[in-house]
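Q: no sequence on this one, just coordinates:
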């Protein structure tokens, strides 16, 4: 694990996360992320048995199965009512290119 | 009339017997909110439907129709939990105008039980915080001292119950967000077992850690509410099909022979001495009630916060990807293309703490770092769970402080976020392993701030938690103490 994080990495992470990060905030963000990464770096000290399985969920249950039955879904106008822009049938977004 | 000291159980009983009307209970809450909330800021909004619903309930009772188990109970809902037709913001500018189409399953069950949703409570944005300082709708205050935080992220839900604005509330707990504010505000708060309560309609922060639960003035009240909100829900495939015991039926069983483990790692460096003393005094009370106390060791406890601050941001970075300016109300206008719209909407709609955690999660999951961070943290999570499994072979409950210090001052940790993260040091392990845990008041500090005691149990054994907390509350009066308004 690396405890430091440079400007380029922060800019790359912001791009991946789709968050516009002004140049004036890059250094401060790098410092904040580095602080947390330094703290979580202590996980390196934990010695793990070779065969330890990761625990990804707080439950051991797997494969919740249900009958495939039709039921009413939410009405289109209700869903679109929270959209910033729609034509009444579809979401509308700015040009892709 | 002023009903601000009634417990949830008393509200329900007095309504059922005809001593009070639902209308009077709701009017009393709305009056208290109007009088006291401008300085506390525990609510983001109240519900215009509360009074008409109460009036309808009074008619229903007068007609002799059957009443639900929570009939007449005014209840506040954390604003990260969806309420159909009532704005639900998760404390974020991103969702400032969001009106859910559906009730969360928890809300649906409360409403079906004839509880009355009184309003939506303030919270750290998307539940990311331990102080309710990170809300788009302003800082909530601790009713015991307005210079101090109420804790978080369910700070509004804790503050409104402690201040007597409403007898009970619903919170959510991802790393301690019910128990830590319950502790800071002197109320009782239960995080049920992961899967006990449906998460459908809870705006997700970290899906493998989030759980909804009650906050109230007694363990008995928490038992009453938990009975209603528990149970499998086809809309949440991680909700458990386990039987729901009658939590109220076992409250009065004696504690004789109950085995309680004291985790020695909870009493090491960093624990405030007044909290240490209050928790030790509580141990003596439980000993006198017949509990058998033994010291136990949970060696991976010191790594829980570090594991949590990898796992929770990773899950958050994925969950919060849905807020992209297309579906959920907020969008930055005047952009040249779709990509710019995504990036600017998210920059504008999210607060700094949320952006920081999304970027942290994105970094930890990105190519080349996954093994070192997420995989390693998930393996440490397994070790933490195994600590619990081992402990519960020899004890029935684990007891310790809920938090290392009482409430801190507003702004105290603004330059040192890590210090704030450590407020969850004793609570995050229960989320990582999925076990249920409760915080109950067990003292007051010299500065006049509440101190909380945490009990943790085996998965799906909320009954023993609630029974022990209730027996403790029968012997002590910490849970009845109120702040001077």
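A: Received the coordinates, thanks. Note that the coordinates shown come from a computational prediction; the quantities given were computed from them, not determined experimentally.
Q: State the pLDDT value of the residue lying farthest from the centre of chain B.
A: For chain B, the largest distance from the centre (C-alpha atoms, centre = their mean) belongs to residue B:336, which lies 41.7 Å off. pLDDT, residue B:336: 94.
Q: Name the nearest residue to it, ignoring sequence neighbours.
A: Take residue B:336 and drop its neighbours on the chain: the residue closest to it by C-beta to C-beta, 6 or more residues apart in numbering or on different chains is residue A:94, 7.3 Å away. C-beta: built from backbone N, CA, C; applies to glycine.
Q: before we move on, the earlier item: now the residue farthest from the centre of chain B: how far from residue B:117?
A: 43 Å (C-beta to C-beta, to the nearest Å).
Q: count of neighbours near the residue nearest to residue B:336?
A: Look at residue A:94: counted by other C-beta atoms under 10 Å in any protein chain shown, it has 18 neighbours.
Q: One more: residue A:9?
A: As a burial measure, residue A:9 scores 17 neighbours (other C-beta under 10 Å).
Q: list the contacts for residue B:230?
A: By C-beta atoms under 8 Å, 6 or more residues apart in numbering or on different chains, the residues touching residue B:230 are B:192, B:196-197, B:244.
Q: And those, which is closest to residue A:18?
A: Distance to residue A:18 across the contacts of residue B:230 (C-beta to C-beta) is lowest for residue B:197, with 31.8 Å.
Q: what are the bridge partners for that closest one, then?
A: For residue B:197, the beta-bridge partners are residue B:230 (DSSP bridges).
Q: Tell me if I'm right that it and residue B:238 touch.
A: No. Assessed by C-beta atoms under 8 Å, residue B:197 is found out of contact with residue B:238, at 10.7 Å.
Q: Settle it for me: which of those two has more neighbours?
A: residue B:197 (31 against 17).
Q: and that one, what does it touch?
A: The contact partners of residue B:197, by C-beta under 8 Å, 6+ apart, come to B:106, B:211-213, B:226, B:229-231, B:239.
Q: quick one: it and chain A, what's the gap?
A: Distance check for residue B:197 against chain A: by C-beta to the nearest C-beta, to the nearest Å, it reads 13 Å.
Q: which SS class is residue B:172?
A: Under DSSP: H, G, I helix; E, B strand; the rest coil, residue B:172 falls in the strand class.
Q: related to what we said a few turns ago, in which helix or strand does the residue farthest from the centre of chain B reside?
A: According to DSSP states H and E, residue B:336 maps onto no helix or strand at all.
Q: is it true that it touches residue A:96?
A: No. If you go by C-beta under 8 Å, residue B:336 and residue A:96 don't touch, sitting 11.1 Å apart.
Q: centroid residue for chain A?
A: The centroid of chain A falls nearest to residue A:17 when counting by C-alpha atoms, centre = their mean (7.3 Å).
Q: quick one, phi psi at it?
A: phi -80, psi 0 (degrees, to the nearest 10).
Q: Tell me which helix or strand the residue nearest to it when sequence neighbours are not counted sits in.
A: Among residues not flanking residue A:17 along the chain, residue B:362 sits closest, at 4.3 Å (C-beta to C-beta, 6+ apart). Assigned by DSSP H and E, residue B:362 belongs to helix B:352-365.
Q: Next secondary structure element downstream of that helix?
A: helix B:376-394.
Q: Packing partners of that next one?
A: Applying 3 or more C-beta pairs under 8 Å, 6 or more residues apart in numbering or on different chains; DSSP states H and E, we find helix B:376-394 packed against strand B:259-263, strand B:292-296, helix B:304-319, helix B:428-433.
Q: ok, the longest one near chain A or not?
A: Yes. Helix B:304-319 reaches chain A (C-beta under 8 Å from any C-beta of the partner chain) through B:305-307, B:309-310, B:317.
Q: Show me what that helix is packed up against.
A: Judged by 3+ C-beta pairs under 8 Å, 6+ apart, helix B:304-319 is in contact with helix A:26-40, helix B:352-365, helix B:376-394, helix B:428-433.
Q: Buried deepest among these, which one?
A: helix B:428-433 (a mean of 28; mean count of other C-beta atoms under 10 Å in any protein chain shown).
Q: What strands flank the helix or strand that it is followed by, and is each parallel or antiparallel?
A: Per DSSP H and E, helix B:428-433 leads on to strand B:437-444 as the next helix or strand towards the C-terminus. Take DSSP bridges as the rule and strand B:437-444 pairs in its sheet with strand B:188-191 (antiparallel), strand B:450-457 (antiparallel).
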